[in-house]
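Colleague: Provided below for reference: sequence and predicted model.
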Amino acid sequence: MPTLGWGMIALLLFLSWGVCALRAGGRFKERIPASVPNMKLLQVASPMLYLLEEIRWIERIPAIFYRIQRAMQVLYGSQVSALYSTLFMAEILNYAFFMLIFACLLPMLTDGGLAGFGVGLMLAVLLPLAQLKELDKRVKNREHEILLELPEFLNQMILLVDAGETVQRALTLCVDRKRSQTSHPLYKELIQMIHEWSGGYSFQQSFEQFSKRCALQEVSIFTTTIMLNYRRGGGEFVVALRDLSRILWEKRKAVSRVRGEEASSKLVFPMVVVFFLLLVLVCTPIFMMMSA
């Protein structure tokens, strides 16, 4: 295709994006927050938000919406999950759209062939997929951090309850010792739980909300065990917590093994590259001597 043809396609794509921006106007201005973690294109989100609203994307592709919403609910809470899901979808659409424009401009900068367009088109597909994969990775990392810390937190609770403290008092003391780790997902949710029952929620309601926010089976088992046994107190409660502790330590070992395997797999590629470099360095003088 001639260079002028690629330029016309890029111009049409940009004009269509501009039309969406004009139609959006200031409709979404109040809905877009000043900043959202890991989203960099909020200032230009309006055109894609307009497009998503027009095509009714939640009704047409509900599987993708609910997958993104679940991740947003786990990471940022249920109150903003729907908004953040739409903003995230607008973000990846903007990435794809800009990459399509770049795919049309790339042949103009090269020989005008399809190879440059193919590279840009591949980026337009792979970049949104990478964004989705990164979102899943953040959710997985959060779950792993909670699973790694929960057994240790439970052991501290067992020691305090066994020493005669009430469950509420033991929870508060364990959280107070970790006040410096407010960025840790487990302690962040525990601090919010304590604030809720201090502000008027019942202990049971606060615990249920804590379990929902964590969205982990192990946390659900933890909360259920405490809610079923804390009124009894005494030896039975401590025995139940110790049984749960053994289960959670096994989960922690499994997560540690998975993380170790992931870390070792990441080292494979650099090791292969180093091996080939060494092979080239060793073999090049030999071939040079043979050719001489």
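Modeller: In hand now; what should we look at?
Colleague: CA atoms for contacts and neighbours, from now on please.
Modeller: Fine.
Colleague: now for the host helix or strand of M227, which elements pack on it?
Modeller: According to DSSP states H and E, M227 maps onto helix 217-229. Using 3 or more C-alpha pairs under 8 Å, 6 or more residues apart in numbering; DSSP states H and E as the contact test, the elements touching helix 217-229 are helix 203-214, helix 234-291.
Colleague: worst average pLDDT in the ones you listed?
Modeller: Averaged per stretch, pLDDT over the helices and strands packed on helix 217-229 is lowest on helix 234-291, reaching a mean of 73.
Colleague: neighbours around S211, how many?
Modeller: Residues contacting S211 under the criterion other C-alpha atoms under 10 Å number 22.
Colleague: Can you name the residues that contact it?
Modeller: The contact partners of S211, by C-alpha atoms under 8 Å, 6 or more residues apart in numbering, come to V219, S220, T223.
Colleague: Save those residues as a markdown table, and put in distance to R60 too.
Modeller: Converted to a markdown table, these look like this (distance: C-alpha to C-alpha, whole Å):
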| residue | distance to R60 |
| --- | --- |
| V219 | 34 |
| S220 | 33 |
| T223 | 37 |
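Colleague: between those residues, which has the most around it?
Modeller: V219 leads the contacts of S211 on contacts (other C-alpha under 10 Å) with 20 neighbours.
Colleague: Could you say which helix or strand holds the closest residue to S245 other than its chain neighbours?
Modeller: Spatial nearest neighbour of S245, chain neighbours left out: P151 (5.8 Å); criterion: C-alpha to C-alpha, 6 or more residues apart in numbering. Using DSSP H and E, P151 falls within helix 114-162.
Colleague: Can you name the element that comes right after that helix?
Modeller: helix 167-176.
Colleague: tell me the angle of that following helix relative to helix 217-229?
Modeller: Using axes from the mean of the first three to the mean of the last three C-alpha atoms, to 10 degrees, the inter-axis angle of helix 167-176 relative to helix 217-229 is 150 degrees.
Colleague: elements contacting the next helix or strand after helix 167-176?
Modeller: Downstream of helix 167-176, the next assigned helix or strand under DSSP H and E is helix 185-198. Judged by 3+ C-alpha pairs under 8 Å, 6+ apart, helix 185-198 is in contact with helix 114-162, helix 167-176, helix 203-214.
Colleague: List the buried residues in helix 185-198.
Modeller: By neighbour count on 16 or more other C-alpha atoms under 10 Å, the buried set for helix 185-198 is P185, L186, Y187, E189, L190, I191, M193, I194, E196, W197.
Colleague: and the helix holding P151, what other elements does it pack with?
Modeller: Against helix 114-162 (3+ C-alpha pairs under 8 Å, 6+ apart) you get helix 62-76, helix 78-109, helix 167-176, helix 185-198, helix 234-291.
Colleague: Can you name every helix or strand that the first one contacts?
Modeller: Using 3+ C-alpha pairs under 8 Å, 6+ apart as the contact criterion, the secondary-structure elements in contact with helix 62-76 are helix 78-109, helix 114-162, helix 203-214.
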